[in-house]
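>>> Here is my input; please provide its structure:
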Amino acid sequence: MTVRVARDQHVVTLTIDREAKLNALDYPTIDALLVELDRIDADDSVRAVILTGAGTRAFSAGADIPSLAGSIAGGTERALREIVRRGHALTRRIEEFPKPVVVAVNGLAYGGGCEITEAAPLAIAAEHATFAKPEITLGFPPPFGGSQRLPRHVGRKRGLEMILTGDPVPAARAAELGIVNSVVPADELLDSARDLVDRIVRHAPTAVAACLRAVTRGINLPIDEGLAVEAAWFAATVPTDGVRDGLKRFLDR
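You can find the predicted model right below:
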């Protein structure tokens with residue numbers, strides 16, 4: 001298996017386990033991540049996901065180049081089907097996941113590894129982590145959604161600087177740009193990710209899911225359309241136990 005699964009109470013940790021290949025994303029690994037995310041989505045007892053890489057050198061160095069080269073050699077349609085559609089499926093699944101996904105970046109996050117980090121709602125990086133968009137050195141733009149998400153996160157000019165140069169960005173700069181939420185010592189990375197998760201899942205699952213969906217679906221809309229999305233997700237929570245219990249706790253104080 002190229003994806004290790006560990007559960008601790010209400011949290012599942014998914015570890016990309018190709019350490020010798022810097023946790024590069026070959027097709028079986030991408031497919032395994034999608035399968036595990038589907039399982040987690042269907043299990044109401046799981047409240048959150050931490051996604052990391054094996055070892056200390058890399059979260060993921062990006063797409064597995066031999067796999068990618070084989071697909072490109074097969075022509076445009078094969079390349080689109082095997083690379084772009086598969087990569088889009090993974091990053092969109094992470095971006096739209098109804099439970100919080102925290103990426104714990106334990107080293108290199110290049111190419112697809114950076115794109116997964118961009119897609120996730122939350123991310124924490126170890127101090128030695130670096131981020132890069134090296135696809136341009138191979139002759140093509142980012143194919144897992146990075147040409148769209150990164151400029152939306154960091155601004156057009158700063159996004160294009162990373163995309164057009166392929167130069168690596170250290171963890172501290174990634175935090176300044178908003179690619180990650182925070183930077184911590186490497187030996188504190190997973191504990192920090194778990195602390196963040198625990199501070200979220202103390203709240204009602206219906207409220208957490210509604211917040212995730214309202215932000216994700218509304219962030220790139222005009223403000224009036226975004227406000228309509230917000231109203232719809234607020235309305236969805238009104239009849240829930242989370243609202244009833246939350247109001248009762250407040251009023252009983």
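>>> For the residue nearest to the spatial centre of the chain, give me its contacts.
By Cα atoms, centre = their mean, the chain has its centre lying nearest to residue 120, at 2.3 Å. Residue 120 sits next to 51, 94, 95, 101, 102, 103 when contact means Cβ atoms under 8 Å, 6 or more residues apart in numbering. Quick note: C-beta positions are derived from backbone N, CA and C, even for glycine.
>>> Do a quick rundown of the strands in this structure.
3-8, 11-16, 48-53, 58-60, 101-105, 108-110, 122-126, 130-132, 169-170, 182-184 (DSSP state E).
>>> any chance of the ones you listed in TSV, with mean pLDDT, mean neighbour count and distance to residue 200 too?
Listed next are the strands of the chain as TSV, based on pLDDT from 0 to 100; neighbours: other Cβ atoms under 10 Å; distance: least, Cβ to Cβ, whole Å:
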stretch	mean pLDDT	mean neighbour count	distance to residue 200
strand 3-8	97	13	15
strand 11-16	98	22	10
strand 48-53	98	24	7
strand 58-60	98	29	21
strand 101-105	98	27	9
strand 108-110	98	27	22
strand 122-126	98	26	8
strand 130-132	98	22	24
strand 169-170	98	18	26
strand 182-184	98	18	14
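>>> Tell me which of the ones you listed sits nearest to residue 31.
Comparing the strands of the chain against residue 31 with Cβ to Cβ, the closest turns out to be strand 3-8 (9.4 Å).
>>> Adjacent strands (with direction) for that closest one?
Here strand 3-8 is paired, per DSSP bridges, with strand 11-16 (antiparallel).
>>> okay, the strand it pairs with in CSV with CA atoms only?
Output in CSV follows, covering the C-alpha atoms of strand 11-16 (Å, rounded to 0.1, in the frame of the first residue of the first chain):
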residue,chain,number,x,y,z
VAL,A,11,-9.2,11.6,13.6
VAL,A,12,-7.8,9.6,10.6
THR,A,13,-4.2,10.3,9.5
LEU,A,14,-3.4,9.5,5.9
THR,A,15,0.3,9.1,5.1
ILE,A,16,1.6,9.0,1.6
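>>> got the angle between that strand and strand 48-53?
Calculated by axes from the mean of the first three to the mean of the last three Cα atoms, to 10 degrees, strand 11-16 forms an angle of 20 degrees with strand 48-53.
>>> Compute the inter-axis angle for strand 11-16 and strand 101-105.
Calculated by the same axes, to 10 degrees, strand 11-16 forms an angle of 50 degrees with strand 101-105.
>>> Give me the contacts around strand 11-16.
By Cβ under 8 Å, 6+ apart, the residues outside strand 11-16 that reach it are 2-7, 23, 25, 29, 33, 36-37, 40, 46-54, 59-60, 190, 194, 197, 201.
>>> would you turn the contacts of residue 120 into TSV with distance to residue 144?
As requested, the contacts of residue 120 are exported to TSV (distance: Cβ to Cβ, whole Å):
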residue	distance to residue 144
51	14
94	10
95	11
101	15
102	19
103	14
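>>> who touches stretch 198-218?
Contacts to stretch 198-218, defined as Cβ under 8 Å, 6+ apart, come from residues 10-11, 44, 47-48, 95-100, 121, 225-227, 229-230, 233-234, 236-237, 240-243, 245-246.
>>> Emit the ChimeraX select command for whichever of the residues you listed are buried.
A single ChimeraX command selects the buried members of the contacts of stretch 198-218 (16 or more other Cβ atoms under 10 Å):
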select :11,47,48,95,97,99,100,121,226,229,230,233,237,242
